[in-house]
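K.L.:
structure for this input, please:
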Amino acid sequence: MSGFDKLSSVSGSGFEPPAFYNFPPFFTLQPVQATHEKQLKLWRELVVSYHTFSKEYVLDNPYEFPLFKNEKIDRKLSSEFIDAVVKSLIDEGMAEWENKESTKSVERGSLLILSQSSESLALEIYAWAGKELLIGSVVTLYEIYGGEEYPDSQFNGMSVPILRRALDVLESSQKCVIIEGASADEDGIKFL
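P.N.:
Below you'll find the model as predicted:
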């Protein structure tokens, strides 16, 4: 299924782009600074909303991202505009390059789309661990994002790379220790 077909199927299953998505000037890089900034803000929110809805937090190739083309109004973003949206997402902490050692090239890199910064998510995870009385205990990575033990957790279904980045923040601040397991899902997290 192509990205554009996927957009149609996602739209049919509940994700509906906002009305401004069908406004042709939304797809043209605006020259007036205030308008340009508002336009980028709307694009950032749309990209994050789409990824949050679909629970797919990796954007492998921004040039093929389905929302950057609207066949209904026969409009698509230019490569310059796509570059501006990607830069804006990163600058505002709403995306990070998946491989920090990558070339940082839109053509070659994959982006992790974040609904919040890794630092903010780390604080939420630690607060959750405290609420669940997990400080001093060990849980697996899988238990945090997909296990039956915490089905109502806000981390249930979360993207593993995003969760790992937040756990790395906790580990670097000495609030947890990550214990390597037999598989990535079996990695243990000991909250301190």
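K.L.:
just the pLDDT for Gly12.
P.N.:
Confidence at Gly12, expressed as pLDDT, is 46.
K.L.:
correction: the previous question concerned Gly146.
P.N.:
The score at Gly146 is 85. That number is its pLDDT.
K.L.:
buried set for stretch 76-94?
P.N.:
77, 81-86, 88-89, 94 (16 or more other CB atoms under 10 Å). Bear in mind the C-beta positions are built from the backbone N, C-alpha and C, glycine included.
K.L.:
oops, could you answer that again for stretch 27-45 instead?
P.N.:
Within stretch 27-45, the residues that qualify as buried are 27, 29, 39-40, 43-44, counting by 16+ other CB under 10 Å.
K.L.:
return the item of those residues having minimum pLDDT.
P.N.:
Leu29 (91).
K.L.:
host element of the residue lying closest to that one once chain neighbours are set aside?
P.N.:
Closest residue in space to Leu29, ignoring its immediate chain neighbours: Phe81 at 4.6 Å, by CB to CB, 6 or more residues apart in numbering. Using DSSP states H and E, Phe81 falls within helix 79-91.
K.L.:
repeat for Asp168
P.N.:
Using DSSP H and E, Asp168 sits within helix 160-172.
K.L.:
understood, closing this out.
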